[in-house]
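My questions concern the predicted model and sequence given below.
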Amino acid sequence: MTQIATITSKNQLTLPAKFVRKLNLKAGHKVVISEEDGKLTLTPARAVVEQLAGSVKIPQNLKGKDLDKIIEEAKDRYFREKYSKKS
């Protein structure tokens, strides 16, 4: 499936609706963009995670937790530690 899209003056690209539906993307979803030989490939981030599933041992404290919740907790902890330090 091929379709033309336009890059805006802010270097933003709107994905055609048929691709968004086909990939089941929603607002806020992350995508991985890679370049090889002048071609861009867009892959839903969850697909990359699913491809890697099982290749890394899951720490016991994370087993059974929702991925989005794990990410939010990690970001909260990171920024709390980063900005609570006094110079």
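Now that the structure is in, tell me what you want to look at.

Could you tell me how many residues sit around Pro44?
15 (other Cβ atoms under 10 Å). Where C-beta positions appear, they are placed from N, C-alpha and C, glycine not excepted.

Could I get the phi/psi values of it?
When read as degrees, to the nearest 10, the backbone of Pro44 gives phi -60, psi 130.

Contact partners for it?
Pro44 makes contact with 23-25, 29-32 under the criterion Cβ atoms under 8 Å, 6 or more residues apart in numbering.

biggest separation within those, which pair?
Asn24 and Val32 (15.5 Å; Cβ to Cβ).

which of those two has more neighbours?
Taking other Cβ under 10 Å, Asn24 and Val32 do not tie; Val32 has more neighbours (13 against 9).

partner residues bridging that one?
In this entry, Val32 is beta-bridged to Thr43, by DSSP bridges.

And for Glu36?
Lys39.
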